[in-house]
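Novice: Build me a model:
(3 chains)
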Amino acid sequence: MIDPFRQRVYAIVAKIPSGKVMTYKQVATSAGKPHASRAVGNIMHTNKDFVRMPCHRVVRTDGTVGGYVFGTKKKIVKLKKEGVVIKGGKMIF
DNA sequence: ATTATGACCGAAG
DNA sequence: GCTTCGGCCATAA
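Specialist: The predicted structure is shown next:
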């Protein structure tokens, strides 16, 4: 399956260092489609390689973590553990 | 091909 | 602060 966008998203997310996060919009833009923020989230949800894909480092533009297969709460805890500062359920860039 | 849905975004009420 | 609407893109049926 050759889907440049999908592959690109995968590579970008996998490159996010620990303690840092990227917004869906940022990932989509870096992937080449600035308006595909929705598709990015959809890819994470439908993708089967989510084991290697640290999707918990991808958050929403508002600062909310967004969704997560293991649960949004878990995602927040994980991020905090990584060193990300989260305040009132939202994160600070 | 068409319709519906979603881990989104931004504006409006 | 929250909900609703329209817009964007990929996936599933």
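
Novice: Show me which residues of chain A sit near DNA strand B.
Specialist: Chain A has residues A:23-25, A:37-42, A:44-45, A:47, A:50, A:55, A:58, A:60-62, A:66-69 near DNA strand B, with proximity defined as Cβ under 7 Å from any atom of the strand. Heads up, the C-betas are built off the backbone N, CA and C, glycines and all.

Novice: Let's see that with 6 Å instead.
Specialist: Residues of chain A that fall close to DNA strand B, judged by Cβ under 6 Å from any atom of the strand: A:23-25, A:37-39, A:41-42, A:44-45, A:50, A:55, A:58, A:60-62, A:66-69.

Novice: Look up the closest residue to A:Gly19, ignoring the ones flanking it.
Specialist: A:Gly83 (3.7 Å; Cβ to Cβ, 6 or more residues apart in numbering).

Novice: my guess is that neighbour meets A:Val21, correct?
Specialist: No - between A:Gly83 and A:Val21 there is no contact under Cβ atoms under 8 Å: 10.3 Å.

Novice: So if I had to pick from the two, which one is more boxed in?
Specialist: More crowded of A:Gly83 and A:Val21, by other Cβ atoms under 10 Å: A:Val21, with 20 against 9.
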